[in-house]
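> after the sequence you'll find the predicted model.
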Amino acid sequence: MNVRRLSFFIMLICAALPALAEIDLSGSWTSKNHEDAMERGAGPNPDDWAGLPFNASGRAKALSFSQSTISMPERICWFQTQWHIAAGPFSLKIWSQSDPVTGKVLAWVVGGWETRAPMTIWMDGRPHPSKNAPHDQTGFTTGAWNGDELVATTTHIKSGYIRRNGAASSDQAIITTHFLRHGDMMTLALEMDDPIYLTEPYILTRSYMLTAVPVDTAGPPCITGDEGVESGTVPHYLPGKNPFIDEMTRIYNIPREAAMGGAETMYPEFRDKIKEKFTPPAACKRNCGAPPVGQN
């Protein structure tokens, strides 16, 4: 065998092998829902947007949101965007799709749930579609390894929600998801860049633990029903008519300017700005981080 042929075979073998830093993400991963438990469980307060880097459009969009919107028949089984991987309460199941000849991973798949479509992370170098290509809740995702960290970029998503209380994302948003595995634990760090509703990137992290119990990625079927929304109407609040705008002040004494979000509410220095306006409430009445009195 001459040197040229030997070099060719070595190149083929190397191409078929994963980079040394690549790791296996496959398996069932159970969600650690003690993190941000209020948001992922019962849900946040209606107009609590502290820590969100809203611009004026994002705040106005959120203030127009009525929770009854998701009771409309056409929205009861409406998928959330891939941001719901971190914002929702569900566990994950991840598997790979391989080239049948070389065994090289062509894509990683993060199984969906009843409220979120599967995420296919293409690893074969294919480009993202044209900016004029159709958008949907699934989006289009490509991935690349950065050492032992998988970085996935999602574009072409429809408008959705950053939080379930109406904080919205636009169809121009880009989601960057970092998959970091450390033994039987995995952390997902999601970054939302949205030029329509946000002035800065918004970051949310989520932790999972590998489990031997298979995760059902399908979940129970979503069934459309009649939840009493008047036909032909879209529930919403007109400007200045949102009844919950001062709920965080009434319950927790949190000033409106903090609850309404904005980039400065993301940083510790904001506490110094509002400390003269905040007086701790005499007693916490709900979402206090402990079981109600009389319960273990």
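Okay, I see it.
> helix, strand, or coil at residue 86?
Each residue gets one of three states, and residue 86 gets helix by DSSP: H, G, I helix; E, B strand; the rest coil.
> please name the nearest non-neighbouring residue to it.
Leaving aside its sequence neighbours, residue 86 sits nearest to residue 206 (Cβ to Cβ, 6 or more residues apart in numbering; 4.2 Å). For every residue, glycine as well, the C-beta is placed using N, CA and C.
> mind listing the helices for this protein?
3-16, 37-40, 56-63, 73-76, 84-87, 247-252, 256-259, 269-274 (DSSP state H).
> the residue nearest to residue 86 contacts residue 185, doesn't it?
No - using Cβ atoms under 8 Å, residue 206 is not in contact with residue 185, being 11.3 Å away.
> more neighbours: the two, which one.
Comparing residue 206 with residue 185 by other Cβ atoms under 10 Å, the one with more neighbours is residue 206, at 22 against 13.
> any idea how far residue 87 is from that one?
Applying Cβ to Cβ, to the nearest Å, the value for residue 206 to residue 87 is 8 Å.
> again with residue 211
For residue 211, the distance to residue 87 equals 21 Å [Cβ to Cβ].
> try residue 203
For residue 203, the distance to residue 87 equals 12 Å [Cβ to Cβ].
> who has more neighbours out of these two?
residue 87 (23 against 14).
> how about that one, what does it touch?
39, 40, 80, 161, 162, 163, 164, 204 (Cβ atoms under 8 Å, 6 or more residues apart in numbering).
> which of these fall within strands?
161, 204 (DSSP state E).
> what would the contacts of residue 87 look like in a markdown table with pLDDT?
Supplementary listing: the contacts of residue 87 in a markdown table, determined by pLDDT from 0 to 100:
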| residue | pLDDT |
| --- | --- |
| 39 | 75 |
| 40 | 75 |
| 80 | 86 |
| 161 | 91 |
| 162 | 92 |
| 163 | 90 |
| 164 | 87 |
| 204 | 93 |
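> and of the contacts of residue 87, the nearest to residue 249?
Residue 249 has its nearest neighbour among the contacts of residue 87 in residue 163, at 18.7 Å by Cβ to Cβ.
> and the nearest residue to that closest one once chain neighbours are set aside, what is it in contact with?
Leaving aside its sequence neighbours, residue 163 sits nearest to residue 44 (Cβ to Cβ, 6+ apart; 5.7 Å). Residues near residue 44 by Cβ under 8 Å, 6+ apart: 38, 163, 164, 165.
> same check, this time on residue 26
Applying Cβ under 8 Å, 6+ apart, the residues near residue 26 are 94, 95, 96.
> coming back round to it: roughly how far apart are the residue nearest to residue 163 and residue 161?
Between residue 44 and residue 161 the computed distance is 11 Å (Cβ to Cβ).
> got it, and residue 267?
23 Å.
> repeat for residue 73
The value you get for residue 73 to residue 161, if Cβ to Cβ is used, is 19 Å.
> of those two, which one has the most company?
Between residue 73 and residue 161, residue 161 has the larger neighbour count (other Cβ under 10 Å), namely 18 against 12.
> the more buried one: what's it in contact with?
80, 81, 83, 87, 167, 168, 169.
> now do 6 Å
The contact partners of residue 161, taken as Cβ atoms under 6 Å, 6 or more residues apart in numbering, are residue 168.
> for it, give the beta-bridge partners.
residue 168 (DSSP bridges).
> what's the answer for residue 65, then?
Beta-bridge partners, per DSSP bridges, of residue 65: residue 236.
> does it touch residue 166 like I think?
Yes - under the criterion of Cβ atoms under 6 Å, residue 65 makes contact with residue 166 at 2.7 Å.
> what is the burial count for residue 196?
15.
> check the residue nearest to it when sequence neighbours are not counted and give its pLDDT.
What sits nearest to residue 196 in space, not counting adjacent residues and going by Cβ to Cβ, 6+ apart, is residue 170, at 3.6 Å. pLDDT for residue 170: 96.
> from residue 32, how far out is residue 170?
Taking Cβ to Cβ, one finds residue 170 at 30 Å from residue 32.
> identify the residues contacting the residue nearest to the spatial centre of the chain.
Central residue of the chain (Cα atoms, centre = their mean): residue 83, 2.3 Å from the mean position. With contacts defined as Cβ under 6 Å, 6+ apart, residue 83 is in contact with residue 175.
> mind doing that once more with 10 Å?
Listed by Cβ atoms under 10 Å, 6 or more residues apart in numbering, the contact set of residue 83 reads 116, 139, 154, 157, 160-163, 169, 173, 175, 177, 190, 192, 202, 204.
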